[in-house]
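**Student:** Sequence below, structure please.
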Amino acid sequence: MNWHGIGTADAIKLGASAAGVWGFLVATGKFCKSRYTATLGKRRRVREQLNQLAVGSTLAHVESLFGAPVFERKAGTDTSTYVYKTAYAWVQVQHTAAKGVEAFSITVARKRFRYSTKHLTWDGLPVKLGKSTFRDLPGVATGRIVRVGANNFLYAESYYLGNPGNYQHFIFSHSNAGVGTLGYAHMDGYPIAEGELTEDKQNEEVLNHEGLTEARAKTVINTFSTGASFLHPTQIGSGADWGTVRALRD
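**Tutor:** Presented below is the predicted three-dimensional model:
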């Protein structure tokens, strides 16, 4: 281009055109940034916050991540259960003044949100809450439970990795407080609980049932729970209760 042949008027028009293009690019950039912050960026921040949950931590640490709890339930004089609401998941924490956070649960409550349990299981049980089914879990469950009520239902499995899992028990479950499909029809007639999810702590045998393979393949895991090594799996819980969280409407 011969810049010497451009007159003042043409130069002004060219500058205005360039300024318009630059303004458009800036506006587009701001729009894209705002959309990322409101969607993908927001999901990433929630995942990072969930990864900071830890057995033994203080309640102040939990509240620094999620703010004040929306629900509180007391059991006895020392133990309290708190439920926190994020944009995509429920977080339930069991806390005592003497030992801090003894157990916690994460329940994915939005269809477009996925959370990997890889970090919180020391890479041992990496599944995606809200997407993976029980068929995707590696290893053998140490216990199972099916619970059906008037307004809620639950299917859960417990796992134990020993030292590689910090001696914590891990509970993977599906409840109607979260998202995903439930293959409960294929579980009809099963015992209410077996293995380490029974009240009998000596019963560690997990039986195989006809149809269980198909049921596990059709049931989405939407909740992850874990607790201190001194807790039995039946003491850890299986996530926020639908009868409680349904009271807080969007």
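**Student:** Quick check: buried residues in stretch 150-164?
**Tutor:** Within stretch 150-164, the residues that count as buried by 16 or more other C-beta atoms under 10 Å are 154-161. The C-beta positions use only the backbone N, C-alpha and C, and glycine is treated the same way.
**Student:** Now name the helix or strand holding the spatially most central residue of the chain.
**Tutor:** With distances taken as C-alpha atoms, centre = their mean, the residue of the chain nearest its centroid is Ile106 (3.8 Å). Assessed by DSSP states H and E, Ile106 sits inside strand 100-108.
**Student:** Torsion angles phi and psi at Gly180?
**Tutor:** Main-chain dihedrals, Gly180, degrees, to the nearest 10: phi 100, psi 170.
**Student:** List the contacts of it.
**Tutor:** Listed by C-beta atoms under 8 Å, 6 or more residues apart in numbering, the contact set of Gly180 reads 108, 130-131, 174, 219-222.
**Student:** how does it look with 7 Å?
**Tutor:** When contacts are counted by C-beta atoms under 7 Å, 6 or more residues apart in numbering, Gly180 touches 130, 174, 220, 222.
**Student:** Tell me the pLDDT of the third one.
**Tutor:** According to the prediction, Val220 has pLDDT 97.
**Student:** Could you find the closest non-adjacent residue to it?
**Tutor:** Gly180 (2.7 Å; C-beta to C-beta, 6 or more residues apart in numbering).
**Student:** Also Arg43?
**Tutor:** Nearest non-adjacent residue to Arg43, counting by C-beta to C-beta, 6+ apart: Phe113, 5.9 Å away.
**Student:** all helices for this protein, in order.
**Tutor:** Remark: helices assigned in the chain by DSSP state H are 8-38, 40-51, 59-66, 212-218, 242-245.
**Student:** show me where pLDDT drops low in the protein?
**Tutor:** Residue ranges of the chain with pLDDT under 70: 1-40, 184-191, 200-210.
**Student:** which residue ranges form the strands in it?
**Tutor:** Taking DSSP state E to define them, one finds strands in the chain at 71-75, 79-85, 89-96, 100-108, 115-116, 128-129, 143-148, 153-160, 169-175, 193-195, 223-227.
**Student:** elements contacting the last one?
**Tutor:** For strand 223-227, the helices and strands in contact under the criterion 3 or more C-beta pairs under 7 Å, 6 or more residues apart in numbering; DSSP states H and E are strand 100-108, strand 169-175.
**Student:** Tabulate the ones you listed in a markdown table, adding columns for distance to Tyr88.
**Tutor:** Compiled in a markdown table, the helices and strands packed on strand 223-227 are given as follows (distance: least, C-beta to C-beta, whole Å):
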| stretch | distance to Tyr88 |
| --- | --- |
| strand 100-108 | 7 |
| strand 169-175 | 16 |
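**Student:** most tightly surrounded among those strands?
**Tutor:** A comparison of the helices and strands packed on strand 223-227 by mean neighbour count, using mean count of other C-beta atoms under 10 Å, puts strand 169-175 on top with a mean of 26.
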